[in-house]
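Visitor: 3D model of this:
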Amino acid sequence: ELNAIEGVTAIRGDAFEQKAVENAMDGCDAAITTLGGATSDGGKRVDYDGNSNVIESAGILGVTRVILVTSVGCGSSKEAAPPNVFEALKEVL
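Guide: Next comes the predicted model:
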């Protein structure tokens, strides 16, 4: 349970709604997002649209620390990550 960690508040909501994301992040000094995948109908992608809303909301609210956890670039999705990502991370890969 993330809420058991001191200083952490886990929030669930609709990441496709920018204003809902902004309201959820109001008062935060940092955010961690693990959003990923697509909707069941194959339409919107929460890993793009939802994370864009988190980043946009952070900018609006002055949240200067955002950690985006992703598996893009791992396994069969390695081609999805641009080469500069691997260059930047070569020391830790």
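Visitor: hey, what's the residue nearest the centre of the chain bridged with?
Guide: The structure's the chain has its C-alpha centroid closest to Thr33; by Cα atoms, centre = their mean the separation is 3.3 Å. Taking DSSP bridges, one obtains Leu68 as the residues bridged to Thr33.
Visitor: Correct me if wrong: it contacts Arg65.
Guide: No: the pair Thr33 / Arg65 is not scored as a contact, 11.6 Å apart, by Cβ atoms under 8 Å. Using the backbone N, CA and C atoms, a C-beta is placed for each residue, glycine as well.
Visitor: In three-state terms, how would Asp41 be classified?
Guide: Asp41 carries the three-state label coil when classified by DSSP: H, G, I helix; E, B strand; the rest coil.
Visitor: how many neighbours does it have?
Guide: With neighbours defined by other Cβ atoms under 10 Å, the count for Asp41 comes to 6.
Visitor: which other helices and strands contact the top helix by length along the chain?
Guide: Longest helix of the chain, by residue count under DSSP state H: helix 51-61. In terms of contacts (3 or more Cβ pairs under 8 Å, 6 or more residues apart in numbering; DSSP states H and E), helix 51-61 is packed against helix 18-25, strand 31-33, strand 66-68.
Visitor: which outside residues touch that helix?
Guide: Surrounding helix 51-61, the residues in contact under the criterion Cβ atoms under 8 Å, 6 or more residues apart in numbering are 15-18, 21-22, 25-26, 28, 31, 33, 35, 63-64, 66, 68.
Visitor: So Ala30 versus Leu93, what's the distance?
Guide: Taken as Cβ to Cβ, to the nearest Å, the spacing of Ala30 relative to Leu93 amounts to 25 Å.
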